[in-house]
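1. pasting the structure only:
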């Protein structure tokens with residue numbers, strides 16, 4: 001079913017009349033219909049979403065108040081937060097878009113504007129854009145991190161999302177957390193997926209090929225098709241897939257032992273040259289899961305790419321960054337996370353070249369977008385067997401619970417506190433994941449919320465002894481991954497979350513010199529040679545022995561009717577005054 005612009009505006013009006021949109025939102029400077037006004041331009045349209053993390057239902061999701069840039073990234077997108085972000089992108093304060101793109105007044109604005117995302121609402125928006133431009137002139141790109149991040153995705157091994165993406169009409173995708181299932185499961189899921197999966201940077205190891213492992217191209221050992229060429233409205237569009245290059249480092253390599261990953265400017269340039277010199281395409285697109293800082297560096301070093309549709313770092317960018325290189329320029333975008341945004345880029349391609357473009361990042365407000373009936377029916381069918389588990393009320397949030405940001409979020413703190421309480425540990429460690437939904441003050445915390453924070457294929461917990469020196473080494477290692485001034489040494493996560501201890505950090509310092517003054521919650525100095533009891537979860541190199549973290553967190557929440565944090569273990573930052581990535 002397609003939806004015309006006139007019908008779409010009527011649906012929005014009906015949503016308001018039915019009370020789906022809070023009345024106060026209509027009093028804002030921006031009309032709801034204006035938010036989704038994307039007038040047709042050019043002759044080719046690419047739609048892009050990324051990092052939805054298996055969120056089929058509408059959710060709340062708070063953008064970061066801490067997204068620090070150092071070195072050449074200081075003061076530049078995506079390392080801007082709050083009012084700095086609004087000023088840079090000329091977004092009015094207290095508007096719907098201000099709520100979508102920033103953390104400002106989040107709890108109050110969330111009450112006004114409601115939830116975001118949801119595949120049924122995303123489907124309505126996609127159908128509207130396709131109908132306006134002609135479905136034959138559009139492609140829908142999925143940047144990955146699609147099969148992981150919810151209870152149903154883990155319980156169905158990603159198949160719930162394969163079915164949803166087929167119904168959504170995804171044409172092309174690449175991946176990252178998809179590779180945290182086992183190789184056999186990944187290949188089975190891709191047999192069901194109706195679009196194309198692309199990854200020019202994943203190869204089957206020689207010994208695995210010799211032993212009969214599946215390979216897309218035996219001459220190059222590519223595990224998957226590296227690129228595809230689609231014809232839209234007489235324009236040949238080449239799409240090159242770039243999966244997350246550090247997957248076997250950031251996630252368990254034991255799940256995908258036959259595949260190698262990586263990042264190579266030379267290899268990417270060779271593919272672009274092959275397409276350009278062979279005159280195979282008029283427009284060259286990279287569908288990337290590198291992370292935005294990595295994409296910005298790649299765009300400066302590899303010439304001939306017209307646009308990079310990026311993902312991984314969950315940065316919601318209202319406008320592309322224009323990067324100059326030897327052949328001219330490359331546009332670099334990033335489309336947020338959790339199904340919260342749909343990026344729409346219209347291209348004017350004539351004479352074999354990109355002449356002009358228009359770009360809009362459309363927030364998916366579920367109160368403004370009626371649910372697509374087919375997708376809604378599919379989502380309800382998927383969730384029905386699990387509803388009693390998902391809807392179990394565990395406790396009530398006494399404050400805003402969120403994750404996104406360079407350091408501990410309040411929901412991260414709950415996880416850390418639960419780990420300490422379970423094992424009577426002095427210190428707890430939790431990975432710096434960027435996925436995880438938000439719970440408003442006074443809202444019931446359900447088992448689904450806990451799974452939104454913890455749903456991985458390696459949720460097992462551990463308790464072990466570590467010296468103060470070992471703890472500092474862990475912090476230094478993660479800090480270098482996050483704040484190394486060379487983006488190619490960044491892996492895209494945030495700092496490890498901590499319970500029971502504090503420290504001082506200088507993000508701008510060199511390797512091994514960022515962490516100092518580590519203390520326990522009681523103020524006692526953590527000594528290098530002293531041994532401490534530490535609890536944690538999600539080990540990468542081997543499977544931990546303890547029970548799944550979601551069970552521990554759920555038990556912790558069940559033990560208290562309301563949850564109020566006693567302390568948020570965030571570091572004291574040095575030499576960061578005036579950094580526009582810090583609220």
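-> Nice, thanks for sending it over. Fair warning: this is a prediction, and the values are worked out from it, not measured in the lab.

2. shaky segments in the chain?
-> By pLDDT under 70, the low-scoring segments of the chain are 1-33.

3. now do the domain split for it, please.
-> In the assignment given by automatic domain parsing, the structural domains of the chain cover 5-59+115-381, 391-573.

4. could you check how far residue 437 is from residue 409?
-> Per Cβ to Cβ, to the nearest Å, residue 437 is found 11 Å from residue 409. Where you see a C-beta, it was placed from the backbone N, CA and C, and this is true even at glycine.

5. one more: residue 499?
-> Using Cβ to Cβ, which is the criterion applied here, residue 499 is 13 Å from residue 409.

6. same deal with residue 565?
-> From residue 565 to residue 409 the distance is 11 Å (Cβ to Cβ).

7. look at the two and report which has more neighbours.
-> Here residue 565 and residue 409 are set side by side on neighbour count (other Cβ atoms under 10 Å), and the busier one is residue 409, at 28 against 15.

8. please name the nearest non-neighbouring residue to that one.
-> In space, and not counting its chain neighbours, residue 409 is closest to residue 403: 4.1 Å by Cβ to Cβ, 6 or more residues apart in numbering.

9. quick check, that neighbour in contact with residue 411.
-> Yes: between residue 403 and residue 411 there is a contact under Cβ atoms under 8 Å: 5.1 Å.

10. shared neighbours of these two, which are they?
-> 436, 438, 453 (Cβ atoms under 8 Å, 6 or more residues apart in numbering).

11. secondary structure and distance to residue 49 added to these, as TSV?
-> Converted to TSV, those look like this (DSSP: H, G, I helix; E, B strand; the rest coil; distance: Cβ to Cβ, whole Å):
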residue	secondary structure	distance to residue 49
436	coil	18
438	strand	19
453	helix	21
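
12. nearest to residue 266, of these?
-> For these, the residue nearest residue 266 by Cβ to Cβ is residue 436; the value is 36.4 Å.

13. who are the contact partners of that closest one?
-> Neighbouring residues of residue 436 by Cβ under 8 Å, 6+ apart: 149, 402, 403, 404, 409, 411, 452, 453.

14. one more: residue 574?
-> Contacts of residue 574 (Cβ under 8 Å, 6+ apart): 504, 505, 506.

15. if we use 10 Å, what do you get?
-> Residues counted as contacts of residue 574 (Cβ atoms under 10 Å, 6 or more residues apart in numbering) are 504, 505, 506, 507, 508, 509, 514, 516, 517.

16. among those residues, who's most crowded?
-> Busiest of the contacts of residue 574 [other Cβ under 10 Å] is residue 505, holding 25 neighbours.

17. ok, and the closest non-adjacent residue to it?
-> Once flanking residues are discounted, residue 505 sits nearest to residue 571: 4.3 Å by Cβ to Cβ, 6+ apart.

18. measure that neighbour to residue 40 for me?
-> 49 Å.

19. repeat that for residue 296.
-> Distance from residue 296 to residue 40, by Cβ to Cβ: 29 Å.

20. ok, the two, which is more surrounded?
-> The neighbour comparison of residue 296 against residue 40 (other Cβ under 10 Å) goes to residue 296, with 23 against 14.

21. other SSEs contacting the helix or strand harbouring the more buried one?
-> For residue 296, the element it lies in under DSSP states H and E is helix 292-301. Here helix 292-301 is seen to pack against strand 235-242, helix 265-277, strand 283-288, strand 307-310, strand 321-325, strand 328-334 when contacts are counted using 3 or more Cβ pairs under 10 Å, 6 or more residues apart in numbering; DSSP states H and E.

22. can you lay out these as CSV showing mean neighbour count?
-> Formatted as CSV, the helices and strands packed on helix 292-301 follow (neighbours: other Cβ atoms under 10 Å):
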stretch, mean neighbour count
strand 235-242, 23
helix 265-277, 16
strand 283-288, 27
strand 307-310, 29
strand 321-325, 15
strand 328-334, 23
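
23. end to end on stretch 572-583, go ahead and measure it.
-> By Cα to Cα, to the nearest Å, the extent of stretch 572-583 from end to end equals 13 Å.

24. whoops, stretch 486-498 was the one
-> 26 Å.

25. buried residues in that stretch?
-> Neighbour-count burial for stretch 486-498, counted by 16 or more other Cβ atoms under 10 Å, picks out 487, 490, 491, 492, 493, 494, 495, 496, 497, 498.

26. so the fourth one is in which element?
-> Taking DSSP H and E as the criterion, no element holds residue 492; it sits outside all helices and strands.

27. excluding its backbone neighbours, what's nearest it?
-> Going by Cβ to Cβ, 6+ apart, residue 492 has residue 291 as its nearest residue, at 4.0 Å.

28. burial measure for the one you found, as a count.
-> 25.

29. list the contacts of it.
-> Applying Cβ under 10 Å, 6+ apart, we find residue 291 in contact with 78, 176, 244-246, 310-315, 334, 487, 490-493.

30. hmm, try it at 8 Å
-> Contacts for residue 291 (Cβ under 8 Å, 6+ apart) come out as 244, 310, 311, 312, 313, 487, 490, 491, 492.

31. ok, and what's touching stretch 476-489?
-> Under the contact criterion Cβ under 8 Å, 6+ apart, stretch 476-489 has outside partners 68, 70-73, 263, 291, 293-294, 296-297, 406, 432, 490-491, 493-496, 505, 507-508, 511-512, 514-515.
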